[in-house]
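Engineer: from the sequence below, what's the structure:
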Amino acid sequence: MSWTHTEIAGKPADVFDPGPAALPFVLIELHDEDGLSPASNPIFTAELSKRRLRCVAPHAGRSWWVDRICPEFDAELSAERHLLDNVIPEIEATQKPGPRGIAVCGVGMGGQGAVRLGLRHSERFPIVASIAGAFDLHERYGRGTPLDDMYPSREHARQDTAILHIGHHCPAHIWFACPPASEWYRGNDRLHEKLVALGVAHTADLDTNAEPARFFGPMLDFIVASLERESRRLA
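Structural biologist: Residues are numbered from 1 along each chain as shown. Now for the predicted structure:
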């Protein structure tokens with residue numbers, strides 16, 4: 001059971017292998033604004049080990065995991081395209097998960113990225129999960145972050161948020177949690193309200209005040225159960 005540092009299409013990534021008893025699934029973890037890899041988080045690692053879940057954690061700077069060029073990540077390739085064109089094919093070729101055997105999750109910037117990916121590409125990301133997802137990413141606009149170069153205005157950034165990508169095809173399995181004390185609570189509450197209004201099935205915990213680590217276990221339980229459900233459905 002260990003993490004290894006590698007590269008996918010020339011971009012750094014960390015890969016967790018729980019050993020020969022690993023489940024036939026893979027979790028993609030998208031990092032937060034701080035860029036910290038889950039490889040440096042012993043609590044998250046322990047929860048992965050407990051569930052025998054493989055994990056791939058690509059690095060993408062403060063790209064917000066959107067389909068916009070972020071020079072901090074790459075001058076020509078967006079973080080979203082990197083996931084779709086490089087990370088997913090690499091996982092399929094090297095780790096060989098079963099059909100629809102890939103889930104995506106994250107905290108903060110990564111959490112909104114995971115849900116946004118599912119809402120834009122539900123056929124490729126049927127299982128998404130977020131902890132304190134930064135769904136109101138436009139609130140960072142104008143504060144000297146890469147978002148200032150990625151979007152021409154705050155409104156353009158708002159128009160590209162996860163909530164405004166909710167459409168007719170949503171991921172089959174959506175889970176998110178956000179403590180009421182989080183700066184991102186309002187966006188999570190709006191997401192919950194919009195999904196309820198549209199009748200989109202999801203699981204949300206917006207009442208528990210706790211650190212992100214408190215949600216690792218429940219999130220991973222949801223992800224594993226959803227992956228197993230998908231594998232049975234396609235069997």
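Engineer: any buried residues in stretch 193-203, and which?
Structural biologist: Under the neighbour-count criterion of 16 or more other C-beta atoms under 10 Å, stretch 193-203 has 195, 202 buried. C-beta here means a position set from N, CA and C on the backbone, and glycine is covered the same way.
Engineer: hmm, who's touching it?
Structural biologist: Residues outside stretch 193-203 that contact it (C-beta atoms under 8 Å, 6 or more residues apart in numbering) are 163, 166, 170, 172, 174, 175, 176, 192, 204, 222.
Engineer: check the gap between residue 33 and residue 184 for me.
Structural biologist: Using C-beta to C-beta, to the nearest Å, residue 33 is found at 11 Å from residue 184.
Engineer: what is in contact with the two at once?
Structural biologist: 108, 134.
Engineer: please identify which of these two sits among more neighbours.
Structural biologist: residue 184 (22 against 18; other C-beta atoms under 10 Å).
Engineer: pretty sure that one sits against residue 131.
Structural biologist: No. Residue 184 lies out of contact with residue 131 (C-beta atoms under 8 Å); the separation is 9.8 Å.
Engineer: and for these two, which residues touch both?
Structural biologist: 108, 178.
Engineer: could you look up the SS state of residue 175?
Structural biologist: strand (DSSP: H, G, I helix; E, B strand; the rest coil).
Engineer: of the contacts of stretch 193-203, closest to residue 98?
Structural biologist: residue 172 (15.2 Å; C-beta to C-beta).
Engineer: what's around residue 21, how many residues?
Structural biologist: 7.
Engineer: ramachandran coordinates for it?
Structural biologist: phi -90, psi 20 (degrees, to the nearest 10).
Engineer: can you tell me the number of residues neighbouring the residue nearest to it when sequence neighbours are not counted?
Structural biologist: Of all residues not flanking residue 21 in the chain, residue 52 sits nearest, at 5.4 Å (C-beta to C-beta, 6 or more residues apart in numbering). For residue 52, the neighbour count with other C-beta under 10 Å is 15.
Engineer: tell me the contacts of residue 52?
Structural biologist: With C-beta under 8 Å, 6+ apart, residue 52 has these contacts: 18, 19, 21, 22, 23.
Engineer: any chance of TSV for those residues, columns secondary structure?
Structural biologist: Output for those, formatted as TSV (three-state DSSP):
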residue	secondary structure
18	coil
19	coil
21	coil
22	coil
23	coil
